[in-house]
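In: A structural model of the following input is requested.
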Amino acid sequence: DKPCYDFKGMSMASAYLREMMAHLNRLGWGAYQCDHEDANGQYEINFMHAEALASADALMLFKQAAHAPAERHGSVFSMMPKPFANQPGSGMHFHVSLWEGDRGLFDDSPDGDMPTLLRHFIGGVLAHSAALCAIAAPTVRSSSAPNSRMNIRPGSGSANSEKNSTRPRSMKPSITSSVS
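Out: Now for the predicted structure:
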């Protein structure tokens, strides 16, 4: 019953997904991939990298604007990490790189070790994860499942799958279709 990475799940939402991809490309974001994810009605849309502030603005616009096309297609758009207690959770991942001209500053060092700058960057993200959560997942419902006293389940993809975790929360857009 889990259509993970399944064409059937993609085909049922193809009109909505095509519309979303077209909107993103009209905005100049270079949407280049759309995949079905783990849960029913859960999709991942990838768009091209940009400067940090432009990417942050794009994410916020996407979170606000994706509702309208979903509603036109009889679906509900949500970036809630765990909208259903009995379904896998969602997460948003993003790729970060730091460049100086044409040289990636996070590239492997010649001896194969992780570059010092990358270790420091990861340490900074972990050190400031609470503040990042305040921006990326600002509401109580950002990490809770409806009707569940136990909103955190190991391996569920939920933001806090480990009690008292200091890891940053994550969200992946999910489109919950009203078509069963």
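In: strands of the protein, start to end?
Out: Taking DSSP state E as the criterion, the chain carries its strands at 31-36, 43-47, 75-78, 99-100, 103-104, 174-177.
In: parallel or antiparallel, which strands does the second one pair with?
Out: Based on DSSP bridges, the pairing partners of strand 43-47 within the sheet are strand 31-36 (antiparallel).
In: cool, the fifth one as well?
Out: Sheet partners assigned to strand 103-104 using DSSP bridges are listed as strand 99-100 (antiparallel).
In: in the protein, which residue sits furthest out from the middle?
Out: Asp111 (33.0 Å; CA atoms, centre = their mean).
In: could you report the separation of it from Leu98?
Out: 20 Å (CB to CB, to the nearest Å). All C-beta spots, glycine's among them, are computed from the backbone N, C-alpha and C.
In: so Gly41 makes contact with Ala13?
Out: Yes - between Gly41 and Ala13 there is a contact under CB atoms under 8 Å: 7.1 Å.
In: reformat the strands of the chain as TSV; add mean pLDDT, distance to Gln87 and mean neighbour count.
Out: Formatted as TSV, the strands of the chain follow (pLDDT from 0 to 100; distance: least, CB to CB, whole Å; neighbours: other CB atoms under 10 Å):
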stretch	mean pLDDT	distance to Gln87	mean neighbour count
strand 31-36	88	14	16
strand 43-47	86	14	19
strand 75-78	84	11	19
strand 99-100	86	38	9
strand 103-104	86	37	10
strand 174-177	38	9	21
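In: relative to Ala56, which of those is closest?
Out: Closest of the strands of the chain to Ala56 is strand 43-47, at 13.2 Å (criterion: CB to CB).
In: not counting that closest one itself, show me its contacts.
Out: Here strand 43-47 makes contact (CB atoms under 8 Å, 6 or more residues apart in numbering) with 10, 13, 17, 20-21, 24, 29-37, 58, 172-175.
In: what segments of the chain are helices?
Out: Remark: helices assigned in the chain by DSSP state H are 7-12, 14-26, 52-65, 67-72, 116-127, 129-136.
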